[in-house]
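K.L.:
Okay, predicted coordinates and the sequence, questions at the end:
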Amino acid sequence: MAGSSMSGPQAGLPMSVADIYANARSLGAYLKDKSAEIDEARRLPAEVAARVREARMFRLAMPKDWGGPELSIMEQVEVIEELSKANASVGWCVMIGCDSGFVAGYLDDRVARRLFPRLDMATAGNFFPSGRADRVEGGYRINGRWTFGSGITHADFAMSTCIIFENGAPLRSASGIPVSRRMIAPASAYEIVDNWHTTGMRGTGSCDFCATDLFIPEEHSYNVFKPAKREGTLWRRATTFIPKFSGVPLGAARAMIDLVC
């Protein structure tokens, strides 16, 4: 994952919502043609993932002051629906992958800009606290196995949610609930378990992924139940991203209606 500043090709005029929609529509025929290949691979083949990235689909939630489009949730739903009409696995991977901008809003801006030096970076991960994070100097050592890492084979980063341990015991809130944090690391830092064998959504590559004593700096983690570091509707509450899921079944349903009508 090559690093760079926020300058370069993406320093020009931001893409408009209309540009994003046009790019999504233009992928339709290509994605339909690639559907059998996507299913056979059980993930997005490298060529397909690159084509989706080049169409700027992973930048949907990137902040406007970075040059991103910062689409509203409804606008994101419509883009994901358009992609899912052509291939639901692609729609699902974009829905997950474009969380990069959402995640960036929970980090200090200087840290987020360093982790996401380009707008078109995809994130994968799991929101359930299936791992353990032992607090060490400067951050955490994490261990665990997480399921449903959709898109992790083409993602730049993966999020893994962990219960925090201090001195060998889980850290608890004032109400006694174990404290968890989301850890962010390059997807290449995890071991991917190739166990995604299913009939529906075959091409999402939703494999398990594991970490063994992986060090995560404190600044590369966040508590989703704490306020975001960024202002704006997308970061107003931790559950803002959830309505995006609806774009996938909406697109698949529209494709079926078009097929039979």
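P.N.:
Structure received. Numbering: from 1, shown residues only.

K.L.:
Can you report how many residues neighbour Phe116?
P.N.:
25 (other Cβ atoms under 10 Å). (Glycine included, C-beta is placed from N, CA and C.)

K.L.:
Report the contact partners of it.
P.N.:
Met62, Ser100, Ala104, Asp156, Phe157 (Cβ atoms under 8 Å, 6 or more residues apart in numbering).

K.L.:
The last one against Leu115, yeah?
P.N.:
It refers to Phe157. Yes. The pair Phe157 / Leu115 is scored as a contact, 6.9 Å apart, by Cβ atoms under 8 Å.

K.L.:
Which residues are in contact with each of these two?
P.N.:
Ile184.

K.L.:
a helix runs through Lys85, doesn't it?
P.N.:
Yes. Inclusion of Lys85 in a helix is indicated when DSSP: H, G, I helix; E, B strand; the rest coil is applied.

K.L.:
how close does it get to Arg42?
P.N.:
21 Å (Cβ to Cβ, to the nearest Å).

K.L.:
higher neighbour count, those two?
P.N.:
Lys85 (24 against 20).

K.L.:
Might one say that that one is in contact with Met256?
P.N.:
No. Taking Cβ under 8 Å as the definition, Lys85 is not a contact partner of Met256, at 9.6 Å.

K.L.:
show me the contacts for Val248.
P.N.:
So Val248 contacts Ile80, Glu81, Ser84, Ala88, Gly91, Trp92, Met95 (Cβ under 8 Å, 6+ apart).

K.L.:
sorry, back to before: among the contacts of Phe116, which are in helices?
P.N.:
Counting by DSSP state H, the contacts of Phe116 place Ser100, Ala104 in helices.

K.L.:
Same list (the contacts of Phe116) but as JSON lines, adding neighbour count, pLDDT and distance to Pro170.
P.N.:
Below are the contacts of Phe116 laid out as JSON lines (neighbours: other Cβ atoms under 10 Å; pLDDT from 0 to 100; distance: Cβ to Cβ, whole Å):
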{"residue": "Met62", "neighbour count": "28", "pLDDT": "97", "distance to Pro170": "35"}
{"residue": "Ser100", "neighbour count": "28", "pLDDT": "96", "distance to Pro170": "29"}
{"residue": "Ala104", "neighbour count": "27", "pLDDT": "95", "distance to Pro170": "28"}
{"residue": "Asp156", "neighbour count": "21", "pLDDT": "98", "distance to Pro170": "30"}
{"residue": "Phe157", "neighbour count": "24", "pLDDT": "97", "distance to Pro170": "26"}
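
K.L.:
What residues are recorded as beta-bridge partners of Met159?
P.N.:
Beta-bridge partners recorded for Met159 (DSSP bridges): Gly125, Ile184.

K.L.:
Check Arg172 too.
P.N.:
Beta-bridge partners recorded for Arg172 (DSSP bridges): Pro178.

K.L.:
residues near it, how many?
P.N.:
Counted with other Cβ under 10 Å, residues neighbouring Arg172 total 13.

K.L.:
That one and Met183, how far apart?
P.N.:
From Arg172 to Met183 the distance is 19 Å (Cβ to Cβ).
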